[in-house]
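Colleague: kindly generate the corresponding structure for this input.
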Amino acid sequence: MLAGTALQLHATVAGDGRLHATVRNLRPAAARLLVGRRVDEAVALAPRLFALCGCAQGAAARLACRAAAGEAAALDEGDERRLAAEAAHEHLWRLLLDWPVLFGAPPQRQRYADLHRRLSTVPDATSAGALGEELQRLATDELLGGTLPRLQDAASEDAVQANLDAAGTGFARVLAQTIALGTATDGAATPVLPQRSAAAWTTALGGLPDPHFCSAPTEGSNAAETGPLARHAHLPVVALLLARHRRIAARLLAKVIDVADCGARLAGAPGTPLADAIAPAPGLGLACVDTARGTLLHGVRVEAGRIADYRICAPTDWHFHPGGAFVGEVKGRHAADEAGTRLRLHALALSLDPCVAFELSVEDSVHA
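Modeller: Numbers count the residues shown, from 1 in each chain. Got it, this is the predicted structure:
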């Protein structure tokens, strides 16, 4: 295992052939780098501290600091467009590049490069609208061969499989292969995190999130899952896959639905704001941003125009909690052959979409 990798995932095969997993989340504590800086300096620096989701991180910092200053903390239409474009980009990076490669198919590098360029700069509502319509077609037609409406009405796993076979696209074959990976363990599934406003988060947390929460967040006393699965678990086809314990496939399909939703936002469809903030008390600000990977929280305490304390809780902290979705879906599962075990573990990690590089290791307990 690489010592410098930010997220270290380790699975052990016990003597009875069952798997157990541990997680070491060594993601740098970027929030510390903002403490002591002037507010304007911290807001400018925040998006540059993160390799991914810089727009969302910047929006969260900006809104949290505005709320702490007692200012109106809301995004304009341009900010909302940029957040939707960034979320679509984050999903397409995985859907067009990483998922095909994992299952031995060629990545769609040219298609991704074109979309990356265009999603990185969305200058106005007109260009955003055209791009949004293209994203909706990509999700429904390019990825799923026009079968998304029928998939959403599928009443059985056999119907899901039949629609994927009929789609005839490379991505539909990838999605079918995630179903073929088998089910998650039969134990209690990690619950999904409810969608909340910043005000509701303040009530749930009793103010700003504390450092322990930020490193190992819980919903009540339980780990939880945020992101595409949480957003779309209510849809019949996603609920069907979840009921059949096909959680990797459910997440992957939810990401495609997310791309279509991002496209609809860019095309001007109404939707709940992707970000908001509140001041729990004078000098305090809490911002909540709905990102591709899930709920992002930024909490700040400002004193004399400088950052006195800063807290960040990201989706990766939820998904790779010591008792979270990754660990829970590995625990107690019977190991297949080494290649099959590694493939399923890699697909599980990729379905939870960490925002940092990860390293996966698997070993027998006798060698652990």
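
Colleague: longest helix of the protein?
Modeller: The single longest helix within the chain, with elements called by DSSP state H, is helix 247-266.

Colleague: ok, how many other residues are close to L350?
Modeller: The number of residues packed near L350 is 18, by other C-beta atoms under 10 Å. Where you see a C-beta, it was placed from the backbone N, CA and C, and this is true even at glycine.

Colleague: nearest residue to it in space, please, no chain neighbours.
Modeller: Nearest non-adjacent residue to L350, counting by C-beta to C-beta, 6 or more residues apart in numbering: D98, 6.1 Å away.

Colleague: which phi and psi does the spatially most central residue of the chain have?
Modeller: In the chain, the residue lying closest to the centroid (C-alpha atoms, centre = their mean) is R293, at 1.5 Å. Here is the backbone geometry of R293 (degrees, to the nearest 10): phi -90, psi -10.

Colleague: same check, this time on A281
Modeller: The phi/psi pair for A281 (degrees, to the nearest 10) reads phi -160, psi 160.

Colleague: leaving out chain neighbours, which residue sits closest to it?
Modeller: G207 (7.3 Å).

Colleague: sec struct for the one you found, please.
Modeller: Taken by DSSP: H, G, I helix; E, B strand; the rest coil, the conformation at G207 corresponds to coil.

Colleague: who's in contact with the residue nearest to the centre of the chain?
Modeller: Shown in contact with R293 (C-beta atoms under 8 Å, 6 or more residues apart in numbering): 53, 90, 226-227, 314-316, 319, 353, 355.

Colleague: change it to 7 Å
Modeller: Listed by C-beta atoms under 7 Å, 6 or more residues apart in numbering, the contact partners of R293 are 227, 315, 353, 355.

Colleague: is A14 in contact with H20, as I believe?
Modeller: Yes - A14 sits in contact with H20 when judged by C-beta atoms under 7 Å, with a separation of 6.3 Å.

Colleague: what about A357, distance to E90?
Modeller: 15 Å (C-beta to C-beta, to the nearest Å).

Colleague: who's more crowded, those two?
Modeller: Neighbours per residue (other C-beta under 10 Å) separate A357 from E90, with E90 holding more: 24 against 12.

Colleague: and the nearest residue to the more buried one once chain neighbours are set aside, which of the three is it?
Modeller: Excluding its sequence neighbours, the residue lying closest to E90 (C-beta to C-beta, 6+ apart) is A292, at 3.8 Å. Of the three states, A292 takes coil under three-state DSSP.

Colleague: do you know the pLDDT at A292?
Modeller: Looking at A292, its pLDDT reads 97.

Colleague: with the one 4 residues further on instead?
Modeller: The predicted local confidence for L296 comes out at a pLDDT of 98.

Colleague: what about the strands in this protein?
Modeller: 7-13, 19-25, 275-278, 284-290, 295-303, 306-313, 358-364 (DSSP state E).

Colleague: so which of those gets nearest G70?
Modeller: Closest to G70 of these is strand 284-290 (C-beta to C-beta; 9.3 Å).

Colleague: now the closest one: buried residues?
Modeller: Residues of strand 284-290 classed as buried by neighbour count (16 or more other C-beta atoms under 10 Å): 284-290.

Colleague: count the neighbours of the residue nearest to A281 for me.
Modeller: G207 has 14 neighbours, counted by other C-beta under 10 Å.

Colleague: touching, it and A279? I think so.
Modeller: No - contact between G207 and A279 fails when scored by C-beta under 7 Å: they sit 10.6 Å apart.

Colleague: which residues touch P315?
Modeller: Here P315 is in contact with 226-227, 291, 293-296, 355 (C-beta under 7 Å, 6+ apart).

Colleague: quick check: it vs E90, distance?
Modeller: Counting by C-beta to C-beta, the gap from P315 to E90 is 11 Å.

Colleague: going along the chain, name the helices of the stretch 1-150 of the chain.
Modeller: Assigned by DSSP state H, counting those that start in this stretch, the stretch 1-150 of the chain shows helices spanning 39-45, 54-68, 77-93, 99-102, 109-120, 125-137, 148-152.

Colleague: shaky segments in the stretch 251-368 of the chain?
Modeller: Applying pLDDT under 70 to the stretch 251-368 of the chain flags residues 365-368.

Colleague: could you redo the last one with a cut-off of 50?
Modeller: Across the stretch 251-368 of the chain, the ranges flagged by pLDDT under 50 are 368.

Colleague: ditto for the stretch 51-200 of the chain
Modeller: The stretch 51-200 of the chain contains no residues with pLDDT under 50.

Colleague: mind running it again at 70?
Modeller: 183-188.

Colleague: residues contacting Q177?
Modeller: F103.

Colleague: run the chain-centre distance for stretch 345-365.
Modeller: Distance, stretch centre to chain centre, for stretch 345-365: 14 Å (C-alpha atoms, centre = their mean, to the nearest Å).

Colleague: need the residues that contact it.
Modeller: Stretch 345-365 is contacted by residues 1-2, 5-15, 27, 52-53, 94, 98-99, 102, 178, 181, 248, 251-252, 293, 314-316, 319-320, 325-326, 329-330, 341-342 when judged by C-beta under 7 Å, 6+ apart.

Colleague: kindly report the same for stretch 32-48.
Modeller: Residues outside stretch 32-48 that contact it (C-beta under 7 Å, 6+ apart) are 49, 54-55, 57-58, 61-62, 65, 302, 305-307, 309-310.
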